[in-house]
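Peer 1: Sharing a sequence plus its predicted fold:
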Amino acid sequence: MQWEIVVGLEVHTQLSTQTKIFSGSSTQFGAAPNTQACAVDIALPGVLPVLNRGAVDRAIRLGLAIGGNISRRSVFARKNYFYPDLPKGYQISQMDHPVVEGGSLTIPLADGEKTVRITRAHLEEDAGKSMHGDFHGMTGIDLNRAGTPLLEIVSEPDMRGSAEAVAYAKTLHGLVVWLGICDGNMQEGSFRCDANVSVRPLGSTELGTRCEIKNLNSFRFLERAIDFEARRQIEMIEDGGTVRQETRLYDPDRDETRTMRSKEDAYDYRYFPDPDLLPLVISEEWIARTRAALPELPAAMRERFVAHYAIPAYDAGILTSARAMAEYFEAAVAASSGLAKLCANWMIGELSAALNRHEMEMAQCPVSAMQMGRLVARIGDGTLSGKLAREVFEALWRGEGEVDEIIAQRGLKQISDSAAIGEIVDRILAENPSQVAQYRAGKDKMLGYLVGQAMRAMKGKANPQQLNEILLQKLQDNGF
């Protein structure tokens with residue numbers, strides 16, 4: 001039997017506020033345990049929560065960007081469960097009336113694009129953290145994260161397999177960072193996914209029993225967890241068993257999922273409106289102000305790049321995958337006097353490769369957009385060949401100066417003097433009569449050999465196009 005994998009994601013996005021969602025405690029990462037937990041966070045008797053307006057503003061921003069409906073009136077609820085890192089015995093969240101309802105996200109796939117529907121996005125507070133490894137058989141509790149503002153973004157089960165789920169997660173990750181509502185740091189827990197996975201016979205429209213895999217904090221783990229869980233469910237069904245609805249944990253060391261607990265439904269949490277918090281009312285004016293302040297969104301920018309800069313849609317997709325890269329591209333094009341395609345080639349090629357090698361983000365790039373643009377300009381005006389430009393790029397990366405300084409100091413200016421190139425070509429042809437004869441006899445690969453010899457004689461500085469043209473012209477000349 002052939003099977004179809006069905007995936008829905010619940011993404012917990014930590015909002016980029018300086019303080020927590022219901023208190024004035026700092027949200028800064030890395031502080032000593034329990035130094036950023038105030039009376040509200042640890043639920044001392046008599047304390048009252050006060051909603052952080054910045055968290056709401058960020059939720060509105062996301063809702064507008066995905067085309068969702070911003071609820072003019074939403075309600076906070078208590079989600080009741082008991083765990084050591086939840087001091088109140090309940091989590092403040094939203095259930096029946098979330099701040100954002102509906103919306104969608106278009107994701108890139110190998111064979112085109114797909115639209116994934118978004119069910120809702122609701123505000124809630126994070127719990128603390130249980131620390132199991134450092135206390136010799138005991139568990140420590142760090143409440144620094146307790147009360148950290150989260151926006152939980154819930155998709156419909158529209159994804160078919162791990163590849164689509166990863167594409168969705170990456171697109172959503174890029175969007176929340178683009179909007180400035182989340183720093184996107186997965187290692188610090190700022191962006192983490194729960195994957196609801198089920199399988200069904202190919203062609204069936206009925207959903208299978210799902211299992212939820214909790215707290216996946218990397219795209220690689222998300223992919224591997226879904227693949228394993230789908231295989232587990234398929235093997236269980238084919239062996240005559242039944243999939244049980246449950247919450248599972250992914251173990252990256254063993255590359256497997258394992259049972260945490262039976263999966264709860266909403267009624268198990270005994271949701272009810274939080275009596276300490278008034279309903280959240282969002283005015284039309286607030287929505288209008290937020291909409292006016294939105295940056296140009298990735299989809300619109302992709303279309304503009306294709307139309308304005310005349311670059312392929314593929315290039316535009318890569319260049320708008322992150323806001324920092326898109327802004328770098330536009331600044332580099334301006335500095336290059338409009339050589340957009342050449343800037344795109346260098347950013348997608350040399351620059352991206354260097355960032356990957358050094359495990360750096362775009363914001364950490366040691367080569368400025370101005371420097372990249374000037375480097376491209378020197379290629380465009382014939383000062384540098386591609387090979388010489390790579391040498392200059394490496395010097396820029398190491399911080400050895402500006403483009404023109406490096407060219408002058410190293411004597412890297414490309415030779416475009418036809419007479420000088422012609423003299424070297426004459427010499428190479430005279431020194432290699434056998435290869436010239438073979439080329440004329442039909443062995444075209446000899447052309448590459450002769451070009452290489454000439455380029456070596458000119459220490460790589462010859463204008464490649466001119467060199468090829470002059471060499472071909474002289475090979476057709478009966479004098480050689």
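Peer 2: In hand now; what should we look at?
Peer 1: When you work out contacts or count neighbours from here on, use the C-alpha atoms and nothing else.
Peer 2: Will do.
Peer 1: and the helix or strand containing residue 373, what's its mean pLDDT?
Peer 2: Per DSSP states H and E: residue 373 is located in helix 369-380. On average, the pLDDT along helix 369-380 is 95.
Peer 1: try stretch 272-288
Peer 2: Mean predicted confidence for stretch 272-288 is 96.
Peer 1: and the next element down the chain from the helix holding residue 373?
Peer 2: Immediately after helix 369-380, counting by DSSP H and E, sits helix 386-397.
Peer 1: Longest helix in the protein, by number of residues?
Peer 2: The single longest helix within the chain, with elements called by DSSP state H, is helix 219-238.
Peer 1: Mind giving me the packing neighbours of that helix?
Peer 2: The contact analysis (3 or more C-alpha pairs under 8 Å, 6 or more residues apart in numbering; DSSP states H and E) places helix 219-238 against helix 162-179, strand 191-201, strand 256-262.
Peer 1: Excluding sequence neighbours, find me the nearest residue to residue 139.
Peer 2: residue 132 (4.6 Å; C-alpha to C-alpha, 6 or more residues apart in numbering).
Peer 1: list the contacts for that neighbour?
Peer 2: Residues counted as contacts of residue 132 (C-alpha atoms under 8 Å, 6 or more residues apart in numbering) are 138-140.
Peer 1: Likewise for residue 161?
Peer 2: 4-7, 226-227.
Peer 1: Nearest to residue 29, out of those residues: which one, please.
Peer 2: residue 226 (29.0 Å; C-alpha to C-alpha).
Peer 1: my read: the closest one touches residue 198, true?
Peer 2: No. With contact defined as C-alpha atoms under 8 Å, residue 226 does not reach residue 198; the gap is 9.4 Å.
Peer 1: Can you select the buried ones from the contacts of residue 132 in ChimeraX?
Peer 2: Here is the ChimeraX command that selects the buried residues among the contacts of residue 132 (16 or more other C-alpha atoms under 10 Å):
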select :140
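Peer 1: Distance to residue 22 and pLDDT added to the contacts of residue 132, as CSV?
Peer 2: Formatted as CSV, these follow (distance: C-alpha to C-alpha, whole Å; pLDDT from 0 to 100):
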residue, distance to residue 22, pLDDT
138, 30, 88
139, 26, 89
140, 24, 91
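Peer 1: just curious, which of the contacts of residue 161 is nearest to residue 448?
Peer 2: Scanning those for proximity to residue 448, where the rule is C-alpha to C-alpha, the winner is residue 227, at 47.3 Å.
Peer 1: pLDDT at that closest one, what is it?
Peer 2: Reported pLDDT for residue 227: 97.
Peer 1: Please name the nearest non-neighbouring residue to it.
Peer 2: Nearest one to residue 227, counting by C-alpha to C-alpha, 6+ apart, is residue 162 at 6.3 Å.
Peer 1: ok, now which ones touch the one you found?
Peer 2: Contacts of residue 162 (C-alpha under 8 Å, 6+ apart): 7, 222-224, 226-227.
Peer 1: what packs against whichever strand or helix holds residue 469?
Peer 2: Following DSSP H and E, one finds residue 469 within helix 464-475. If contacts are counted by 3+ C-alpha pairs under 8 Å, 6+ apart, helix 464-475 sits against helix 418-431, helix 445-457.
Peer 1: got the contact list for the longest one?
Peer 2: Contacts with helix 418-431, where a contact means C-alpha under 8 Å, 6+ apart, come from 415, 436, 450, 453-454, 457-458, 462, 466-467, 470-471, 474, 480.
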